[in-house]
Structure formats: C-alpha cells, structure tokens
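Peer 1: Below are the sequence and a predicted model; questions follow.
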Amino acid sequence: MQDISILLVEDERKIAETLKKGLEEQQYTVQIAYDGNMGKKLFDNEHFDLVIADINLPGINGYELLHHIRQVNQHIPVLLLTALNGIDDKVEGFNSGADDYIVKPFDFVELLVRIRALLKRAQYNMPIGNTIRVGDLLMNIDSKEVSRAGKPIQLTAKEFQLLEYMIKNKNRVVSRADIALNVWDIDFDTGTNVIDVYVNFLRKKIDRDFDQKLIHTQVGMGYVLKENS
C-alpha cells in the first residue's frame with residue numbers, strides 16, 4: 001500500500017489512541033493532535049493525505065480548523081468525527097468544507113470504508129480549471145496556483161512560466177536554447193547562466209523537501225521534468 005499519512009484531531013485520548021492503533025494496523029501513518037491549535041500547527045508544518053477531526057475540540061474547534069485547512073488546501077479530504085447528530089450540525093460541517101461526517105459511536109469498519117472512499121475520490125479528483133498534473137505536482141494555469149502533495153508553492157511570474165513550459169513538455173528533454181526561446185523569448189546566450197539559475201530556483205521550491213525528484217539534468221542536453229529518475 002502507498003504510504004498514506006492521516007492527521008487525527010481528537011481530544012478524547014482513549015478514542016484517539018484506539019483509532020491510531022487500528023489505522024496503523026491497516027498500514028496508515030497516523031499523527032494525533034489533542035486540540036485544535038495543535039492540529040492546525042501539525043497541518044501547517046507537515047504533509048497529510050487525509051484529516052479526521054472532531055468538532056468539539058479545545059482551542060479552536062473543528063469548524064474553525066476546517067476553515068483554516070480549506071484556506072490552505074481545497075482538495076485534501078476531511079472527515080468530521082463527532083457526537084453531534086443534528087441535521088444543522090451536518091449542514092454546518094459540509095458548508096465548512098467537510099467531505100464526510102461520521103457520528104459517534106461508530107463501527108471502525110465503517111470508518112475504514114469511508115476513509116478508503118475519500119482517498120480514492122481524492123486520487124481521481126482533478127480541480128476545476130485548466131490543470132496539469134505530474135505525479136503529486138499540480139499546476140492550475142488559470143488561477144496561477146502550484147502545489148505539491150497538497151502544499152501550496154509560491155512562484156515568481158518567471159518561475160511559473162518556466163515550470164509551465166517544463167510541465168507541458170514533461171518526459172521530454174528541453175535544451176537551454178528551447179527554454180530561452182519559449183520562456184524568455186530570446187536567443188540563447190552561451191555566456192549567461194540565467195536559465196540554470198532559474199532551474200535551480202525551481203528545484204529548491206519543487207523538489208527540495210521531497211524524496212522523489214521531478215526536475216532532472218541531462219548532461220550536455222538540458223533538463224527534463226518527469227516522475228522517475
């Protein structure tokens with residue numbers, strides 16, 4: 001199974017530890033936050049594929065945490081876990097951006113089914129718009145947004161143009177002359193290293209924090225953006 005990382009935000013420690021144990025037995029990686037502020041901090045500093053959050057949390061509550069998550073990442077699946085069973089609570093949860101809602105007490109098998117459904121949906125759910133994906137790197141041409149593994153990446157205008165050109169030519173080696181003509185709209189000057197500098201800028205933002213590198217150098221030929229080295 002692909003390594004799936006789950007953030008579990010639950011203040012009832014016994015429930016949290018029981019769920020963590022059960023999910024880890026299913027080969028998921030789980031980190032627990034016992035309050036909303038801790039959950040927010042973990043979410044902001046680490047990568048997760050799915051969030052399970054209780055609503056009634058110390059610090060910021062589940063709705064506030066969900067609002068923050070959606071400001072950072074519109075696409076990560078979020079499952080609300082709560083004792084609240086009223087229709088108004090469910091409506092508020094979905095309006096806040098939740099993908100699913102499960103009421104305590106629940107059967108662990110049901111939770112697993114919902115988790116698998118959310119992960120499967122997320123795998124095939126491409127954001128609306130003119131979007132290009134290479135592995136876990138996502139570029140929205142219309143909104144000028146770039147993310148990798150759900151984490152937003154801030155690029156300058158020229159970095160965005162360079163990445164767009166490389167993504168549109170994924171798996172194909174592009175020479176420095178190609179890049180100069182198509183990104184800078186100039187003939188390649190062999191005396192300048194501006195293209196290499198910008199490729200390195202991109203590498204630091206796109207690849208540095210990930211084991212799998214996407215931007216590769218073909219010695220004597222140029223660069224290629226691809227999933228496998």
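Peer 2: In hand now; what should we look at? These figures come from a predicted structure and were not determined experimentally. Residues are numbered from 1 along each chain as shown.

Peer 1: Next one: the most centrally placed residue in the chain from residue 180, what distance?
Peer 2: When the chain is reduced to its mean C-alpha position, the closest residue under Cα atoms, centre = their mean turns out to be residue 150, at 1.2 Å. If you measure residue 150 against residue 180 using Cβ to Cβ, to the nearest Å, the figure is 33 Å. The C-beta positions use only the backbone N, C-alpha and C, and glycine is treated the same way.

Peer 1: now the strands for the protein?
Peer 2: Along the chain, counting by DSSP state E, strands occupy 4-9, 28-33, 50-54, 78-82, 100-103, 131-134, 137-140, 145-148, 151-153, 215-218, 222-225.

Peer 1: gap between the two ends of stretch 146-156?
Peer 2: 11 Å (Cα to Cα, to the nearest Å).

Peer 1: next one: stretch 98-116
Peer 2: 16 Å.

Peer 1: Mind checking the pLDDT average for that stretch?
Peer 2: Taken as a whole, stretch 98-116 has a mean pLDDT of 90.

Peer 1: Kindly report the same for stretch 20-29.
Peer 2: On average, stretch 20-29 scores 95.

Peer 1: same question, stretch 57-76
Peer 2: Here the average pLDDT along stretch 57-76 is 88.

Peer 1: hmm, who's touching it?
Peer 2: Stretch 57-76 is contacted by residues 9, 11, 34-40, 43-44, 48-51, 53-56, 78, 80, 82, 92-93, 96-98, 122, 125, 127, 147, 150-152 when judged by Cβ atoms under 8 Å, 6 or more residues apart in numbering.

Peer 1: Kindly report the same for stretch 213-228.
Peer 2: Under Cβ under 8 Å, 6+ apart, the answer for stretch 213-228 is 134-135, 137, 163, 166-167, 169-176, 178-179, 199, 202-203, 206-207, 212, 229.

Peer 1: Return a PyMOL selection command for the buried portion of those.
Peer 2: Buried residues among the contacts of stretch 213-228 (16 or more other Cβ atoms under 10 Å), as a PyMOL selection:
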select buried, resi 134+137+163+166+167+169+170+174+176+178+179+199+202+203+206+207
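
Peer 1: thinking again about what came up before, can you select the buried ones from the contacts of stretch 57-76 in PyMOL?
Peer 2: Listed next is the PyMOL selection for buried residues among those, using 16+ other Cβ under 10 Å:
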select buried, resi 9+11+34+35+36+37+38+39+40+43+48+49+50+51+53+54+55+78+80+82+92+93+96+97+98+147+150+151
